[in-house]
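> pasting the structure only:
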């Protein structure tokens, strides 16, 4: 019911009148990103519960802690976008989003509320059967490339951390033996920094490192290209826009139309007044010409009579 209410609110609000927070949460790319992050958090909750005390549990717990700021940001964004804060929090189960966003040691059961976030966002997304779904998806994903690349980086970081621990821990001479070591190594590898304080020594671990290096180069290259293209497109748009042309809203456009209409009416009144003055002047000139002609004719008649 809450998801249906939120969907109705979204459809009832024109796109041009949406706030920046509403446009963000209604963006298909952002919704896909949050669904992916939420599903990853649910999987991590299962790993933490089922593999308690093992190294894999440590990796999942650390990644889950890294996801907490993302969930808190999403909660704040949805709270800001809601027309009624009280209704969102109590009626539309915003409190469940808040509890699912928290990372509290010893309260792992709170992560179950992240399932509600997955269901809510999935119900708001357009159905794949729609004619424009995939074109909208591609366009939204392109506009949300930062979120997509962040999701890829987090997935590779966690899977790579689990894999490198699997290969390295059995070796007595390995220096990647804890969850913290694995994630630290994964971060500096994806970022292509490579401090060298932690490194894999087994063939399997080195294969994982190769994959993470390639992923890191691809992620940062994609983000750099996207940012460069965004700056160039913005500059080109500013250059192509004529001077003085703004992005006026409907109210400004209506006021401009009324102003132009009033100016046209005033112009029409002035033209009618000038036309009336010209007609009066022509009539006066015609009357003067008639009087002069009658005087000349009378003088000629008197001259003829005198001659006779």
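Ah, there it is. This one's a predicted model, so the numbers in the text were calculated from it and none came from an experiment. Residues are numbered from 1 along each chain as shown.
> contacting residues for residue 260?
Residues near residue 260 by Cβ atoms under 8 Å, 6 or more residues apart in numbering: none. To be clear about C-beta, it is placed using only N, CA and C from the backbone, and glycine gets the same treatment.
> gap between it and residue 253?
Here residue 260 is placed at a distance of 11 Å from residue 253 (Cβ to Cβ, to the nearest Å).
> again, but for residue 59
Distance of residue 59 to residue 253, given as Cβ to Cβ: 56 Å.
> swap in residue 168?
Separation of residue 168 from residue 253 (Cβ to Cβ) stands at 65 Å.
> Then residue 162?
To residue 253, residue 162 is 57 Å away according to Cβ to Cβ.
> what does the domain assignment say about the protein?
When the chain is parsed with automatic domain parsing, its domains come out as 1-143, 145-238.
> For the stretch 51-200 of the chain, give me the ranges with low pLDDT.
Within the stretch 51-200 of the chain, the segments meeting pLDDT under 70 span 53, 105-109, 124-144.
> 80 instead, please
Where the stretch 51-200 of the chain drops to pLDDT under 80, the residues are 51-55, 91-93, 100-147, 194.
> which residues of it fall in strands?
Taking DSSP state E, counting those that start in this stretch, the stretch 51-200 of the chain contains no strands at all.
> Could you give the backbone dihedrals for residue 103?
Phi and psi for residue 103, reported as degrees, to the nearest 10, are phi -120, psi 100.
> Next, the contact list for it, please.
Per Cβ under 8 Å, 6+ apart, neighbours of residue 103: 64, 65, 68.
> mind checking how far the second one is from residue 159?
Read that as residue 65. To residue 159, residue 65 is 17 Å away according to Cβ to Cβ.
> The two: who's more crowded?
residue 159 (16 against 12; other Cβ atoms under 10 Å).
> Tell me who's in contact with that one.
No contacts exist for residue 159 under Cβ under 8 Å, 6+ apart.
> hmm, try it at 10 Å
By Cβ atoms under 10 Å, 6 or more residues apart in numbering, residue 159 lies in contact with 59, 63, 186, 208, 211, 212.
> Derive a PyMOL selection command for the buried subset of the residues you listed.
Applying 16 or more other Cβ atoms under 10 Å to the contacts of residue 159, the buried members can be selected in PyMOL as follows:
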select buried, resi 59+63+186+208+212
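> I'd like the contacts of residue 159 as a markdown table, with distance to residue 118 appended.
Putting those into a markdown table (distance: Cβ to Cβ, whole Å) gives the following:
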| residue | distance to residue 118 |
| --- | --- |
| 59 | 22 |
| 63 | 17 |
| 186 | 25 |
| 208 | 28 |
| 211 | 27 |
| 212 | 27 |
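> Out of the contacts of residue 159, list just those in helices.
Members of these lying in helices (criterion: DSSP state H): 59, 63, 186, 208, 211, 212.
> Among those residues, give me the pair with the biggest separation.
Using Cβ to Cβ, the pair of these lying farthest apart is 63 and 211, separated by 17.2 Å.
> Residue 118 touches residue 43, doesn't it?
No: applying Cβ atoms under 10 Å, one finds residue 118 not in contact with residue 43, separated by 11.3 Å.
> Could you verify my assumption that residue 24 touches residue 76?
No: in this structure residue 24 lies outside contact range of residue 76 using Cβ under 10 Å: 11.3 Å.
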